[in-house]
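>>> kindly generate the corresponding structure for this input.
(one chain, ligands or ions: 1)
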Amino acid sequence: MVAYLGLGSNLGDRESNLHRAREILHASPGTRVSGESGLYVTAPVGGPEQPDYLNQVVEVHTTLSPRALLLAAQRIEHELARVRAERWGPRTIDVDILWYHGFSSADADLAVPHPRMEERRFVLEPLAELAPDLVLPSGRTVTEALTHVQDQAVTRFQACTGAATSKEHGGAAMDERNLRVEIRRLAEQKGAVILAHNYERPEIQDVADVVGDSLELSRKAAASEARLIVFCGVHFMAETAAILAPDRPVVLPVVGAGCSMADMVDVEGLQSLKAQHPDAVVVSYVNTTAAVKALTDICCTSANAVQVVRSVPPDREIIFTPDRNLGSWAAKKAGREVILWPGFCPTHQLIQVEDVQRAKAAHLGAKVVVHPECPPEVSEIADAVESTSGMIRYCKESYAKEYVIGTELGMLYRLSKECPGKRFYAITKLSVCPFMKLITLENLFAALENEGPVVTVDPDTRAKALRAVERMVEVGA
Ligand code: GSY
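A predicted model of the protein is given here:
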């Protein structure tokens, strides 16, 4: 059967998100992507202020039933870390079945043809490229329907330039060099320290005072004399900085920069697991919200997870949250059993054994270095399993000239700067964290100017969360 699906993304690396969605769709059973429209930049419809969408329509030939196709669409949304925060909120990916040949349904979860497709230019314009004569429920063809909806600006996207979305500041576009100079000038003037995570965009890493992993950055923030802490990372990292440096405002330039893995563990769920194992010690990765840290006995990082798990008395059960991959790797290394929370990082989860094999074949002799958030079968075949700071150390100390790296792509930029003369390749170019790409020079500049948005943690939660972080330090980790 022929079906048309609408893809939309306005969070993270939008082009890569659409590309990955098409790939997963094409790999779905009995399904072939037989046509794809161009990409269109479209102003968001409905809801609070948010970035522009990148929209596209694809044609598929499929043997899947409409309901099975819906499940395939939901799987794509899950794999691409779609977090349904609010009905009209920004999203890494949205996949809608617009039309399925010969099928009509008004079910709330499977309304086909899509009930609003004739009201949306972001659907009709790309659809007109593929099926201009398709007859819609109103009896109009796609081309005719398009003439009735002219209200929304829909611009053809120039792939890879990013030019269509670059925002202007104060009415006049500031070029990148000026922006960098202005950011540094503002930071000096305001007594701000700019911290950037290893996964941030290269231009953000370049303009920061310190680049590093989340805990390293929070510790630097606490130790610094800065009046203002600007954290270029994701929400839980800014919270961790606020826990360690409660006396200073911590600014997160894009407050919607979340973490899919941190969001996979919720307070109620953890409370109920604790109730089932009342004597268990809760070990949580620092990649958790402050509220979850407050329910945690001892935190860990990817660099010290093995040591922390080992520090738990042998007669106590261990609950490990939220990352099942880090948890099972640390448990194996420490020779302990742990109760795993079933969370994972979508960006690392998509790194597959076949990707490692392909990368090794393309770069014979290169060392394979992966992050412990990767699936266990990937960690098993790597030369080294390291945290981001461990990767830098390993690659500096190793004699090898070439490395294939299994972690978020931002790390390759950091490694190239730290190890001049060595070459780094991604195991897969798909490992991009959409949330880590939200901070741009433009919104960093605005955040410095506004000294906001500020991330806070309430005092009670902070005190409990701090205890869990301090225990980690006490075990010498
Ligand atoms: O309905 C799909 C998600 N979405 C979109 C979209 O794809 N494009 C535009 N322009 N606006 C949107 N608002 C929502 S929600």
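>>> CA atoms for contacts and neighbours, from now on please.
OK.
>>> which residues does Val267 contact?
By CA atoms under 8 Å, 6 or more residues apart in numbering, the contact set of Val267 is 291-292, 295.
>>> mind redoing it with 6 Å?
Val292 (CA atoms under 6 Å, 6 or more residues apart in numbering).
>>> equivalent analysis for Glu449, please.
Glu449 neighbours (CA under 6 Å, 6+ apart): none.
>>> and if you look at Met472?
Contacts of Met472 (CA under 6 Å, 6+ apart): 298-299.
>>> and for Val368, the neighbour number?
25 (other CA atoms under 10 Å).
>>> pretty sure Pro322 contacts Gly343?
Yes - the criterion here is CA atoms under 6 Å, and Pro322 meets it with Gly343 at 4.9 Å.
>>> which of the two has more neighbours?
A count of neighbours by other CA under 10 Å puts Pro322 above the other of Pro322 and Gly343, at 28 against 20.
>>> for Ala262, see how far away the more buried one is.
In this view, Pro322 and Ala262 are 7 Å apart by CA to CA, to the nearest Å.
>>> equivalent analysis for Asp151, please.
Counting by CA to CA, the gap from Asp151 to Ala262 is 39 Å.
>>> and for Arg227?
From Arg227 to Ala262 the distance is 28 Å (CA to CA).
>>> can you tell me the closest non-neighbouring residue to Ser218?
Once flanking residues are discounted, Ser218 sits nearest to Ala241: 4.4 Å by CA to CA, 6 or more residues apart in numbering.
>>> any idea which element that neighbour lies in?
helix 235-244 (DSSP states H and E).
>>> about what we covered before: Asp151 and Ala262: who's more crowded?
Ala262 (23 against 9).
>>> so the spatially closest residue to the more buried one that is not a sequence neighbour, which of the three states?
The shortest distance from Ala262 to any non-neighbouring residue, by CA to CA, 6+ apart, is to Thr288 (4.5 Å). Classification of Thr288 by DSSP: H, G, I helix; E, B strand; the rest coil places it in coil.
>>> same check on the one 3 residues further on?
Three-state secondary structure (criterion: three-state DSSP) places Ala291 in helix.
>>> give me the phi and psi for the residue lying closest to it once chain neighbours are set aside.
Distances taken as CA to CA, 6+ apart place Thr461 nearest to Ala291, at 6.2 Å, with adjacent residues excluded. Dihedral angles of Thr461 (phi, psi; degrees, to the nearest 10) stand at phi -60, psi -40.
>>> tell me the pLDDT of whichever residue of the stretch 101-250 of the chain sits closest to the ligand.
Closest residue of the stretch 101-250 of the chain to the ligand, CA to the nearest ligand atom: Phe122 (5.7 Å). Phe122 carries a pLDDT score of 94 in this model.
>>> now the host helix or strand of Ala275 - C-alpha only, PDB.
Using DSSP H and E, Ala275 sits within helix 267-276. What follows is helix 267-276, C-alpha atoms only, in PDB (Å, rounded to 0.1, in the frame of the first residue of the first chain):
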ATOM      1  CA  VAL A 267      10.200  10.200  41.800                       C
ATOM      2  CA  GLU A 268       7.100   8.000  42.200                       C
ATOM      3  CA  GLY A 269       8.600   5.100  40.300                       C
ATOM      4  CA  LEU A 270      11.800   5.200  42.300                       C
ATOM      5  CA  GLN A 271       9.900   5.500  45.600                       C
ATOM      6  CA  SER A 272       7.900   2.500  44.700                       C
ATOM      7  CA  LEU A 273      11.000   0.500  43.700                       C
ATOM      8  CA  LYS A 274      12.700   1.500  47.000                       C
ATOM      9  CA  ALA A 275       9.600   0.300  48.900                       C
ATOM     10  CA  GLN A 276      10.000  -3.100  47.300                       C
END
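>>> contacts for the helix or strand following it next, please.
Under the assignment DSSP H and E, the closest C-terminal helix or strand after helix 267-276 is strand 281-285. In this structure, residues lying in contact with strand 281-285 by CA under 6 Å, 6+ apart are 296-301, 318-321.
>>> repeat for stretch 286-306
Taking CA under 6 Å, 6+ apart as the rule, stretch 286-306 contacts 236, 262, 267, 282-285, 330, 334, 387, 461, 464-465, 468-469, 471-472, 477.
>>> from the residues you listed, which would you call buried?
With neighbours counted using 16 or more other CA atoms under 10 Å, the contacts of stretch 286-306 contain these buried positions: 236, 262, 282-285, 330, 334, 387, 461, 464-465, 468-469, 471-472, 477.
>>> looking at Arg32 now. What's its pLDDT?
So, for Arg32, pLDDT stands at 94.
>>> residue contacts, it?
Per CA under 6 Å, 6+ apart, neighbours of Arg32: 26, 60-61.
>>> look at Cys299 and give its secondary structure.
From three-state DSSP, the assignment for Cys299 is strand.
>>> burial count for it?
29.
>>> now do it against Lys429, distance only.
The spacing between Cys299 and Lys429, counted by CA to CA, is 31 Å.
>>> what's next to the lowest-mean-pLDDT helix or strand in the chain, contact-wise?
Every helix and strand in the chain was compared by mean pLDDT, DSSP states H and E; the lowest is strand 154-156, with a mean of 82. Strand 154-156 has contacts (CA under 6 Å, 6+ apart) with 40-42.
>>> of those residues, which belong to strands?
Within the contacts of strand 154-156, residues falling in strands by DSSP state E are 40-42.
>>> sorry, back to before: just the closest of the contacts of Arg32 to the ligand, please.
Nearest to the ligand among these, with distances taken as CA to the nearest ligand atom, is Val60, at 18.5 Å.
>>> can you tell me the element that closest one falls in?
strand 53-62.
>>> strand partners (parallel or antiparallel) of that strand?
Strand 53-62 pairs in its sheet with strand 2-9 (antiparallel), strand 31-36 (antiparallel), strand 40-42 (antiparallel), by DSSP bridges.
>>> name the residues that touch the shortest one?
Think strand 40-42. 52-55, 154-157.
>>> just stretch 417-435 next, same as before
By CA under 6 Å, 6+ apart, stretch 417-435 touches 12-13, 257, 347, 355-356, 359, 396, 401-406, 408-409.
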